[in-house]
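> sequence first, then the predicted structure, then my questions.
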Amino acid sequence: RRGARFPLDFGRFGKGGLQLYYAQDEDPERLRHYPGRDARNDRSRIALSHEADLTPKDRVFVKGQALSDSEFLEEFFEAEYRRSVQPDNVVSYTHRESDAAGGVTVSGPLDDFYDGVRRLPEAWLNVMPQPLLPGLYYESQNRAGYLQKQTAPRDPGILPLRGPEYAVFRADTAHRLSLPFWLGVVRLVPRAGYRGTYYRHAWVEDSGNVRNLFELGAEASAKAIGTVGAYRHIVEPYADYSWIPRPHDLEDGENYVFDRVDSGLEWRDGFGFDGLPLRRQWHGVRFGARNTLQRPGADKRLQTVLDSDLYSAYTFGHDGEPQGARIVGGVAEAVPAGNFRLRAAMEYDPEDNELRLADNGFTWSHPRWELGAGHFYRRDVTLDAFGIWTREPASHLLYAGARRLFNEIWSAGCDVRYEYEQGRLQEIMGYVEYRLDCLAFQVRTGYEPEWTDINGRVEEANFKLGLVLTLRGMEDRFGLAGVDDDLQF
C-alpha cells in the first residue's frame with residue numbers, strides 16, 4: 001500500500017488537500033459484492049477537497065473522490081465507510097444576501113458503480129420570508145438544471161433488478177404567501193402556495209411536461225408557561241391544515257424521481273417547502289404538542305430536563321385517498337440527572353397497524369466510566385427505483401458500548417451490535433487507548449461473524465486488528481481539521 005496527502009493553500013482563494021492512495025491487492029474478490037466484476041489487483045483512490053470564502057457573501061466548496069471499485073472504502077477506509085457508504089462529490093458556488101441566497105451546484109457519482117443523481121449543473125435561488133405588503137409575507141425556492149439518474153450494474157442473482165435511468169432538464173419553482181396574525185393568545189398563519197415543475201426528457205423529442213401543485217392551508221399555535229415547584233413548564237399545542245389537490249398534469253408514476261420524499265420522521269417538518277413534496281394529494285391536518293420542562297441548575301441558570309414533541313396526522317379522504325389517522329408519533333429527550341441522558345423517537349401507522357420507527361437509547365457518564373445502549377427499529381414506506389411505493393425490509397438493531405477510564409492516560413472500551421430480525425451478532429470490537437497532550441494511540445480489534453444476507457449471499461467471518469493515531473487539539477494549527485478524524489494503519 002502507498003498513500004500520500006498534499007495540503008493545498010491558495011491564500012485568499014482558500015485551502016484544501018489532495019490525497020492519493022494505491023494498493024496492490026493479491027485477492028481482490030474476497031469481499032466482492034459483484035463477483036467477477038470490478039475485480040482488479042490495482043486498487044486506488046484520488047480525493048480532492050477545497051473551500052474558499054472569496055468574500056463575506058461568496059463561498060466555493062469542492063469535495064470529490066474517484067475510486068477504483070465499489071468496495072474500496074469498505075476495505076481500506078472503514079471509518080469513512082461507516083460514516084457514508086458512498087462518497088459525496090460536489091462542486092458548489094454560493095452567494096448569500098440578508099434576504100436571499102443563490103448558487104450553482106455540480107454533484108453526483110463520478111464512478112459508474114454507484115447509484116445516484118448527477119446535477120450537471122443545477123442553479124438555485126431562494127428568497128427568504130420577507131414583507132410584501134403590510135402583514136403579508138412572501139417566500140420562494142427555485143432551481144433549474146440538467147439532472148441524470150444513474151443506477152449501478154447489478155448481478156440479478158445477488159441484488160434486485162436495476163432501476164431505470166433517465167436524463168431530463170428540470171425547472172422547479174415554489175412560491176408561498178402567508179399572513180400571520182394573533183387571535184387572542186393563538187397565533188394564526190394562513191397561507192397559499194404554488195409549485196410548478198417542468199420536465200423535458202433529454203432523449204425524447206417533444207417530451208416537455210409540467211406538474212402544477214396548489215396549496216391552501218393554515219397553522220395555529222399557542223404557548224403557555226407555568227411553574228410547578230422549582231420546575232418551569234412550557235407547553236405549545238399546534239395544528240396545521242393543508243389542502244393540496246391531486247396534480248392532474250402528471251399521473252402517478254409519470255414524474256421522474258430524483259429527490260426523496262417526505263416519510264418517516266419528516267411528518268413534522270412542515271410538509272415539504274424544503275424541496276421534498278409529496279407526489280400525491282393531501283387533505284388533512286397535522287396536530288401535536290411540544291413540551292419543555294426546565295429547572296435551575298447549580299449556577300442558577302435554567303437547564304432543560306425534558307423536551308418532547310408528540311404529533312399525529314389525520315386525512316379527511318378525497319378522490320380515492322383513505323380517511324383516518326395516518327401517523328402517530330413523538331420524539332423526546334430527557335436529562336433526569338446531569339450525567340444521564342435518555343432519548344426516544346417512535347412512529348406508528350394506524351392505517352396498517354404497524355410500527356414504522358423506534359429509536360431509543362441512553363448514555364451515562366462517570367469520572368471513570370462511560371456507558372451507552374440503544375435500540376433501533378425501522379420499517380418505512382418509500383418510493384423504489386421505479387417510482388412505486390413499497391415497504392422497506394424491517395431493520396431491528398440492538399447496540400451497546402462501554403468505556404473505562406483508568407487515569408488521565410489509559411482507557412479501554414468495547415462496542416457490540418446485534419441484528420434482532422436476523423438473529424445474528426453483527427460486530428463486536430474493543431480498544432485500548434494511550435493519550436498524550438497532543439496525540440492519542442489506540443489499538444483496536446474487531447470481529448464480524450459469518451452471515452448470509454436476504455439474497456442468499458454469504459459473507460465470510462472477518463477479524464480486524466488496527467492501530468489508530470489521533471491528533472488532539474492540533475488539527476487547526478496544521479490545517480488538518482475536517483480532513484480525517486484519525487490516521488489508521
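Thanks, I have it.

> can you pull out the helices in the stretch 1-150 of the chain?
72-76, 78-83 (DSSP state H, counting those that start in this stretch).

> closest to residue 378 out of the ones you listed?
helix 78-83 (18.0 Å; CB to CB). (C-beta placed from N, C-alpha, C; glycine too.)

> so which elements touch that closest one?
helix 72-76 (3 or more CB pairs under 8 Å, 6 or more residues apart in numbering; DSSP states H and E).

> how does it look with 10 Å?
helix 72-76, strand 462-471, strand 487-488 (3 or more CB pairs under 10 Å, 6 or more residues apart in numbering; DSSP states H and E).

> just the ones you listed: most buried one?
helix 72-76 (a mean of 18; mean count of other CB atoms under 10 Å).

> quick check: mean pLDDT of it?
For helix 72-76, the mean pLDDT works out to 82.

> what is it packed up against?
Going by 3+ CB pairs under 10 Å, 6+ apart, helix 72-76 lies up against strand 15-24, strand 42-55, strand 58-67, helix 78-83.

> let's have these in TSV, adding distance to residue 142 and mean neighbour count.
TSV is the format used below for the helices and strands packed on helix 72-76 (distance: least, CB to CB, whole Å; neighbours: other CB atoms under 10 Å):
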stretch	distance to residue 142	mean neighbour count
strand 15-24	30	16
strand 42-55	23	16
strand 58-67	19	17
helix 78-83	32	14
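
> out of the ones you listed, which is closest to residue 427?
helix 78-83 (10.3 Å).

> any idea how far that closest one is from the middle of the chain?
15 Å (CA atoms, centre = their mean, to the nearest Å).

> so how many other residues sit close to residue 165?
12 (other CB atoms under 10 Å).

> could you double-check that it sits in contact with residue 147?
No: judged on CB atoms under 10 Å, residue 165 makes no contact with residue 147 at a distance of 11.5 Å.

> now the biggest strand by length in the chain: average pLDDT?
In the chain, assigned by DSSP state E, the strand with the most residues is strand 116-133. Across strand 116-133, the average pLDDT comes to 92.

> buried set for stretch 112-127?
For stretch 112-127, the neighbour count (16 or more other CB atoms under 10 Å) marks 113, 114, 116, 117, 118, 119, 121, 122, 124, 126, 127 as buried.

> closest one of the residues you listed to residue 103?
Using CB to CB, those come closest to residue 103 at residue 124, 6.0 Å.

> now render the helices of the stretch 1-150 of the chain as CSV, adding distance to residue 200.
Below are those laid out as CSV (distance: least, CB to CB, whole Å):
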stretch, distance to residue 200
helix 72-76, 35
helix 78-83, 36
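
> so how far is residue 47 from the closest residue to residue 121 other than its chain neighbours?
Nearest residue to residue 121, sequence neighbours excluded (CB to CB, 6 or more residues apart in numbering): residue 106, at 4.4 Å. As judged by CB to CB, to the nearest Å, residue 106 and residue 47 stand 17 Å apart.

> can you check residue 75 too?
Distance of residue 75 to residue 47, given as CB to CB: 16 Å.

> tell me the phi and psi of the residue sitting furthest away from the middle of the chain?
Within the chain, residue 229 marks the point farthest from the mean C-alpha position, 40.0 Å out by CA atoms, centre = their mean. Dihedral pair for residue 229: phi 70, psi -120, per degrees, to the nearest 10.

> spit out the contact partners of it.
Applying CB atoms under 10 Å, 6 or more residues apart in numbering to residue 229 gives the contacts residue 295.

> pairing partners for the longest strand of the chain, with directions?
Paired neighbours of strand 116-133 in the sheet (DSSP bridges): strand 100-107 (antiparallel), strand 136-150 (antiparallel).

> put together a markdown table for those, with mean pLDDT on each row.
Formatted as a markdown table, the strands paired with strand 116-133 follow (pLDDT from 0 to 100):
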| stretch | mean pLDDT |
| --- | --- |
| strand 100-107 | 95 |
| strand 136-150 | 91 |
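
> residue 405 and residue 368 touch, don't they?
Yes: between residue 405 and residue 368 there is a contact under CB under 10 Å: 5.2 Å.
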